[in-house]
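**Q** Return atomic coordinates for the entry below.
(2 chains)
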Amino acid sequence: MAKADPPSSRYTRRRSSSPKLLQWRRQPPKAAKEKQQPPAELSSLEEQLDLPQQASPLRLVLVWAVLLVSGLALGWNLYRLQIIRGSELRNLARQQQMVSLRPFVPRRSIIDRNGNVLALDRPAYSLYAHPRLFKAPKEAIASAVAPLLQRTPDQLLKQFNTAATGVRMENSLSEEVADRISALRLDGIELVKHYSRLYPQQETAADVVGFVNVDHKGQAGVEYSQEKLLERFVRSVRLNRSGNGALVPSGFPEGLTNFDDLRVQLTIDSRLQRSARAALKQQMELFKAKRGTVMVMDARDGSLLTLVSEPSYDPNQYYKYDVSLFKNWALTDLYEPGSTFKPINVAIALEAGAIKPDTIIRDEGQIAVGSEVISNYNFEERGSPGLLTITQIISNSSNVGMVHIVEKMRSQTFYGWLERLGIGQAVETDLPFSAAGSLQGQESFTNSRIYAATAAFGQGFSLTPIQLLQLHGAIANGGKLVTPHVVRGLTDSQNKLYWQPTLSSPRPIFSPATTEAVLEMMEAVVKNGTGRVAQIPGYRIGGKTGTSQKASPTGGYSATARITSFVGIVPVDAPRYVVLAVVDEPQGRAFGSNVTAPIVKSVMEALMAIEQVPPSQPLEAQD
Amino acid sequence: MSLPPKFAVFGKTAPSRSRLVSSTKLPDVYIGRPDVPKNDSAKGVVSPGNTPQPQFSPRTPEEGMGIKAARRTQKKPANRGEGMGRFSQPFREGFANKKAEGIRNASRSHQTNRETAKILPQSESIPLWLSWLIQWQRRSSVVTFLLVGATLAVYGGTVYTQQLWNREYRQLETLQLQQRQLTAAGEVVKNELARQAEQQDTGLVPATPNTNLFLQPAQQQPIPSPNSTPVAAPGANPQLLPTPVGY
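**A** Reported below is the predicted structural model:
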């Protein structure tokens, strides 16, 4: 039986003490029911005697009352906590339990083509003091914090006494110092985290990279123009905190911490940038020039390897510099290119069929165009050079020869070509503030002979240095106008390219035959013309000097101020790199040949070494 | 009349409980069979007890319970005596006999116990719904146990993973901090080195093509045409030479 029905036996044993229950349990089925009555009575009698005496009603009421009252009291307290003080307590609890988590999602770094970091984000802290909330004496707090801020306690005390709350003690504390201050656990000392941008290469690439202001917004350079690329959305999540202060990660959005490691890569080469800046600075100091710029472009795709403007600034401390430095004058300021534009005009004339590479032109040394007299720069020394080939006109930088070449075209055709080249329009680039050049209106240009004549040697119209670079890029790459740009794309930490900017496709303007002919002429300039300074043994280099008069603010041309430039294309056998150096207002006997050609030479030397361009002819041992 | 608390007394030892069951069940036996002659029933009760008595009654527990058993036996007939008036004489006699026997020999209870044990299955047949409920209770308690265990395990798991997450998150932040500091420091040092190199007195010179060493690529070896290899027969693997090559 025990085995068959253990629970029942268990109940039996447990409840056998109560005869009533026993009687129920043992109720026999059917017929035996009536007969069972007497023992039932028996057991009820027995029960009366067995049970303890009934509790007094007072006790019962008392117990009930206590239970009822305490139940009501609990209910009231519940009502009070949940409804009357509910919102207040909820806020308190939230303050205590919720913690706003802001993972560090920095603005993207900017790296150069070799992966050197040009700009990176890091957290910084502002330190505020609220003397009203101090729980320790001001002196004690000042002496505790002072060594970390590298100040004297007296200085801090003075600051503490300026206001009761919100005294800004420090603007950008590093993480390490902030950690040490928060470890002091001082009441009334507040650290506010924000981002600060570090430009470890300082002014090396400042003209390209730009800087961000206090609000972390780009103000110049790539920081400004590529804001969308650089900015990342900082999400903050509110998380619960458990009793021991640990975060409860439930509700933590997936992937919040693993943001991409993409960086904005530039086509700039910091090493070349450095050597270009050094060369430019040296020449500028030598000639006490006002400003200068050096640019190196890969003519195949328009990527800029170097863009240096002097004077420059340190983007880490941009606020210490003059605002006018923040614009990159290579993009924003117009100048009359002078003789550096002559190869372009020759290309136009060749392309228009006005001349052939072997055309011979008489150079009188000085001609009158309308009421104006145009002469060669060396007319006073050499007079009339006589008959010249196109190559000789270029290599001697003959103004009169150029006027004759241009005048072989109709002025409308010439003007049409200048427009096709984009003179008078802004260069499309990914750097900001590119300015549009200026060109005479078509009517006045075609009606007056002088405009075409001056435009023949690069005066009378203006463009930005970067536009000149773009035009010479077309000579170097077989006649296509490429977009000068500095952004290579977004790369990950493994240097894998994830995204590339879509640039407008190169616009063909010259035929390769034309550019080849012009390149040979430019090579002659460096070989035995005005650009001999730029020669590098073993390499075939094309180039063109330029020295132009500056328009004076009072009208006409300034007698003393000039702007010197030199453009170099290297190597001529497989033209790829275009180097342009422009120096504004050098003092003394300054020409493109002696001011800017040495800059271009040293930049090209560095370029050949860095890009490992082998010499066209084997180098002779030098010593 | 103050009685010792029932539960305290009977709840203490198992033997006493079983005795209680047997003794209170006694009337049922006779109620269920009123027409059985008293002698027979008496015999029936007594006679089987004679032989197994020594086996079933160990002395020790009985001595320990002597008082309780006596108390009950004194008590109960006294209580019942009043309500017995309705019963017929033979029945009463039989009952009295029975009681007397119970008092006379405590070991008898074992015999009665055995007897009722035989009959109980009939009378104790519980209703179907109850047995069904009991079955359910047993099963659900197992399930409950498992569920409680699983709940505890899951809860422990969540607490542990949260701890783990906190630890890992802290580590992530530390690593990110270190990465930032290393990158910044590395770049600053790089810049400083480059600055120093630009100075004239460091003895460093800017890179020029003169400092580069350009090597002419070796002239490409003429690839021997398959026709000019006399060794390899068509189809034969040229790498498997018939004779080993000594070095």
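**Q** going forward, measure contacts between C-alpha atoms and count neighbours the same way
**A** Will do.
**Q** residue closest to the middle of chain A?
**A** A:Glu223 (3.5 Å; CA atoms, centre = their mean).
**Q** can you tell me which residues contact it?
**A** With contact taken as CA atoms under 8 Å, 6 or more residues apart in numbering or on different chains, A:Glu223 is in contact with A:Val209, A:Gly210, A:Phe211, A:Val212, A:Lys217, A:Leu230.
**Q** Just give me the closest of these to B:Gln221.
**A** Checking those against B:Gln221 by CA to CA gives A:Val209 as the nearest, at 48.8 Å.
**Q** Which residues are in contact with the closest one?
**A** The contact partners of A:Val209, by CA under 8 Å, 6+ apart, come to A:Ile110, A:Leu118, A:Ala119, A:Ala220, A:Gly221, A:Val222, A:Glu223.
**Q** Now for A:Ile536, how many residues are close by?
**A** 20 (other CA atoms under 10 Å in any protein chain shown).
**Q** So it, which state does it fall into?
**A** At A:Ile536 the chain is in coil, as set by DSSP: H, G, I helix; E, B strand; the rest coil.
**Q** From what I see, it and A:Lys601 are in contact.
**A** Yes - in this structure A:Ile536 lies within contact range of A:Lys601 using CA atoms under 8 Å: 7.1 Å.
**Q** so how far is stretch A:86-102 from its chain's centroid?
**A** 38 Å (CA atoms, centre = their mean, to the nearest Å).
**Q** and that stretch, anywhere near chain B?
**A** No - against chain B, stretch A:86-102 shows no contacts by CA under 8 Å from any CA of the partner chain, the least distance being 11.4 Å.
**Q** what's the burial count for residue 178?
**A** All of this refers to chain A. A:Ala178, neighbours per other CA under 10 Å, totals 21.
**Q** other chain: chain B
**A** What B:Gln178 shows, counting by other CA under 10 Å, is a neighbour count of 12.
**Q** Helix or strand: which one has it?
**A** Under the criterion of DSSP states H and E, B:Gln178 resides in helix B:128-198.
**Q** and stretch A:592-600 with chain B, contact?
**A** No - using CA under 8 Å from any CA, stretch A:592-600 never reaches chain B; the gap is at least 13.0 Å.
**Q** Next, the distance between the ends of that stretch.
**A** 10 Å (CA to CA, to the nearest Å).
**Q** and that stretch, average pLDDT?
**A** Regarding stretch A:592-600, the rounded mean pLDDT is 91.
**Q** One more: stretch B:186-194?
**A** Mean per-residue pLDDT for stretch B:186-194: 92.
**Q** Restrict that stretch to CA atoms and write it as PDB.
**A** What follows is stretch B:186-194, C-alpha atoms only, in PDB (Å, rounded to 0.1, in the frame of the first residue of the first chain):
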ATOM      1  CA  GLY B 186      54.800  59.100 -32.200                       C
ATOM      2  CA  GLU B 187      53.800  61.900 -34.500                       C
ATOM      3  CA  VAL B 188      55.000  64.600 -32.200                       C
ATOM      4  CA  VAL B 189      58.400  62.900 -32.000                       C
ATOM      5  CA  LYS B 190      58.400  62.500 -35.800                       C
ATOM      6  CA  ASN B 191      57.800  66.200 -36.200                       C
ATOM      7  CA  GLU B 192      60.500  67.000 -33.700                       C
ATOM      8  CA  LEU B 193      63.000  64.800 -35.500                       C
ATOM      9  CA  ALA B 194      62.200  66.400 -38.800                       C
END
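**Q** what about it and chain A, touching?
**A** Yes - legend: contact between stretch B:186-194 and chain A by CA under 8 Å from any CA is shown at B:Glu187, B:Val188, B:Asn191.
**Q** would you list those in TSV and tack on neighbour count?
**A** Shown next, in TSV, are the residues of stretch B:186-194 next to chain A (neighbours: other CA atoms under 10 Å in any protein chain shown):
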residue	neighbour count
B:Glu187	20
B:Val188	18
B:Asn191	18
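**Q** Please identify which of those residues is nearest to A:Thr162.
**A** For the residues of stretch B:186-194 next to chain A, the nearest to A:Thr162 is B:Val188 (37.0 Å; CA to CA).
**Q** contacting residues for that closest one?
**A** A:Pro200, A:Gln201.
**Q** let's see 6 Å
**A** B:Val188 sits next to A:Pro200 when contact means CA atoms under 6 Å, 6 or more residues apart in numbering or on different chains.
**Q** which residues in the stretch 451-600 of chain A form strands?
**A** Counting by DSSP state E, counting those that start in this stretch, one finds strands in the stretch 451-600 of chain A at the ranges A:480-481, A:487-491, A:497-499, A:507-508, A:542-551, A:557-570, A:577-584.
**Q** what's the offset of the fourth one from the middle of its chain?
**A** The gap between the average C-alpha position of strand A:507-508 and the chain average comes to 29 Å, counting by CA atoms, centre = their mean.
**Q** ok, for A:Gln587, nearest residue in space, not its chain neighbours?
**A** Leaving aside its chain neighbours, A:Gln587 sits nearest to A:Phe287 (5.2 Å; criterion: CA to CA, 6 or more residues apart in numbering or on different chains).
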